Each structure stands twice: as C-alpha cells, then as structure tokens.
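*Asks:* what's the 3D shape of this:
(one chain, ligands or ions: 1)
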Amino acid sequence: MREIFETLADELRRAAAEGAEFSNIDDDSVEILERLARELPPDETLPKSAYARKTPPQDDGKGEFIDDIEEVKFASASDIVKTENQNRTQKKLKVVNKTIDIKPIPAPKKFSLPDGDKQTRWNALREIVLGDKVCAEHLRPEKKIVFGVGTLDADIFFCGEAPGADEEIQGEPFVGKAGQLLTKIIGAMGLSREQVYIGNIMNWRPETPKGNRPPTEEEMAYCLPYLKAQIEIVKPKVVVALGMTAVNGLLGFDPSRRMGKIRGHWQKFENADLMVTYHPSFLLQYASPQMKRLVWEDMMAVMERVGIPISAKQRGFFLPKE
Ligand code: URA
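*Replies:* Below is the predicted model of the structure:
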C-alpha cells in the first residue's frame, strides 16, 4: 500500500518539479488518498524521490546545488526512479568534472600545536589553517579561508561540510541561509551560537564554476586533520554531523550509508558521542513538519546527552497540532 502511495507521490513531485502547478485528480481519488495518508504509519524515512522538492533545483550559488547532488546520490525510491536519479547524478557530476580543473590536493600537512591551554592551542591552529597555502590556492579571488567559531568549552560541536558563498566572504562557518536555520535550531535548544562550537570539514569553498559542489574525498582528507584538531582542543561531549557529506568526512566514505538509517542513532567519533542529522540546507528544501521533527528529536537527544533540561514546550515542537 505504501509503495502505491509513494509512487503516486513521487509522480506528483516530479510533475511539480517540472513546473506543473495543477494536477487532474478527481474528488473521489483525493478522498482515497487522504484516507490512505491518515492510515499510513508516520513515515520515518527520507523523502523518497529526487523530485521531492517544492521548486526545481536552484543553482544560484547559495548552496542549493550541493544538496541537489547529495540528495540525488543518496535517494532511494523505486527502481525506476533510482535509475533516473543515477543518470541525473552522473550528468551533474560530469558537468562539474568537465568544466573545472581542480588543482591537485597533496597529502594532509603535518603540524604540531604548542602545549598550553585551549586558547593557546586554538590560536596556534587557527594561524596554521589561515596560513595554509593549499587552502589559500583553492580560494576564489578575494575570498577567505573559513575556520571554526564558538566557545572552546562547548559541549556540542556542530560539524558541517564546506563553506558556501556567504561563508567564504565572511570567513565564518554557517552564516548564510543554512547558517541562519542552524542558528535558529541552536536557539530552540536554548543556546546561542556563542555557547556551542561550529566548524566544517572543509576550510575552503570547493571550486566549481557555478553554485556549490560537495568536496571530493581528497579535499576532505586534506582538511580533516584541522577539524580533528579543533575537536581535540574543544573536547566536546557531542559532535553533531550535519548531513551526509559531514558524516562521510568524519567516518570515511561509505556508499551504502543511508541518512534515513543512521540519523538519530549514537555513534562515536574520537572521544565524543556522534549524532548524525540532516543538513540545515536540506531542511530548507524539505521543510515538512515531519522532517523538522526528526531533526528536533535528534537535537533533543543531544540536549539530553549533554544535560540540558528540555521543557514540555520544547518536547512538543513540530508535533502535529491536536
Ligand atoms: N553549509 C555547510 O556545510 N557549512 C557552512 O559553513 C555553510 C553551509
């Protein structure tokens, strides 16, 4: 039953993604669909289709394109849709490969930090990263290397994937649209950006002629020691990996990994507990109450793990109204 429902939903989403604003469904069918929707148990998985978006993918340089690729790559709908998704992925990545010439990425640089307190070590690390020639030579003209921000005593370390257009201008992670949503999520947890730590796997915005693209494994491998060193200095209780690219960066690439399976479950990263959840820019595209609720449940698990009390009001966020 669910399969029929999902196939129909996929088809409607596909049509919507292609610009259709109306669909010819008669009243009887709408009633059947509504009944089916009521009777189905709540869906705990990712939206099934690459077409599951309100608007067609935007390649406006603001971070949508990256999620389009990520989403298509990890979509898992029916076989037909899957085949179609894979073609779309290949095409997109080919476009990227054909048009950009990424400068070779060397092995990660060896570095050591001075003894001393957290601030001394963090200052030294920041200086190393901001002075890194490999990071610098991958920057667009006039743009900045992006290093983590927040308190060095943070219990919670949010880890994203790579700076986008706004971040490379300001030299700060998560300051664009996705960042504003992350800031709201942090606020809903009763915290401010200054009370957590926010970093990225990547310190530069991956080069691509237009929009954003996910970092390559080599790019992530180059920057990962810098992220690990930040985690090692901050010593958070919990690392929150935002999105599949962040997970692949932290835990190593695994094509069989599925967001719908791993989110919400505790794992380990170094000495911290690791929670995986959806990337805020993914949420910006799939802002259904169910999706927000899933992320919120992940955040409540994080709050519990670090000992932040959760009010009754917070427990009810994004639940359907009675
Ligand atoms: N997305 C990320 O993963 N990191 C940022 O800093 C901004 C957008």
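*Asks:* for the stretch 101-250 of the chain, just list every one of the strands.
*Replies:* Along the stretch 101-250 of the chain, the stretches classed as strands by DSSP state E, counting those that start in this stretch are 149-150, 156-160, 197-200, 238-242.
*Asks:* does the ligand sit close to the third one?
*Replies:* Yes. Contact between strand 197-200 and the ligand is present through residue 200 (criterion: Cβ under 6 Å from any ligand atom). Where you see a C-beta, it was placed from the backbone N, CA and C, and this is true even at glycine.
*Asks:* tabulate the strands of the stretch 101-250 of the chain (a markdown table), appending distance to residue 218.
*Replies:* Converted to a markdown table, the strands of the stretch 101-250 of the chain look like this (distance: least, Cβ to Cβ, whole Å):
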| stretch | distance to residue 218 |
| --- | --- |
| strand 149-150 | 26 |
| strand 156-160 | 19 |
| strand 197-200 | 16 |
| strand 238-242 | 20 |
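*Asks:* what would the ones you listed look like in TSV with mean pLDDT and distance to residue 256?
*Replies:* Below are those laid out as TSV (pLDDT from 0 to 100; distance: least, Cβ to Cβ, whole Å):
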stretch	mean pLDDT	distance to residue 256
strand 149-150	98	33
strand 156-160	98	21
strand 197-200	98	25
strand 238-242	98	17
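*Asks:* looking at these, which is nearest to residue 170?
*Replies:* For residue 170, the closest of these is strand 149-150, at 10.2 Å, according to Cβ to Cβ.
*Asks:* what pairs with that closest one, parallel or antiparallel?
*Replies:* If you go by DSSP bridges, strand 149-150 pairs up with strand 197-200 (antiparallel).
*Asks:* list the contacts of the strand it pairs with.
*Replies:* Applying Cβ atoms under 8 Å, 6 or more residues apart in numbering, the contact partners of strand 197-200 are 146-152, 154, 156-163, 167, 173-174, 182, 223, 227, 230-231, 234, 236, 246.
*Asks:* about what we covered before: can you put the strands of the stretch 101-250 of the chain in JSON lines and add mean neighbour count and distance to residue 303?
*Replies:* Shown next, in JSON lines, are the strands of the stretch 101-250 of the chain (neighbours: other Cβ atoms under 10 Å; distance: least, Cβ to Cβ, whole Å):
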{"stretch": "strand 149-150", "mean neighbour count": "19", "distance to residue 303": "17"}
{"stretch": "strand 156-160", "mean neighbour count": "27", "distance to residue 303": "9"}
{"stretch": "strand 197-200", "mean neighbour count": "26", "distance to residue 303": "16"}
{"stretch": "strand 238-242", "mean neighbour count": "26", "distance to residue 303": "9"}
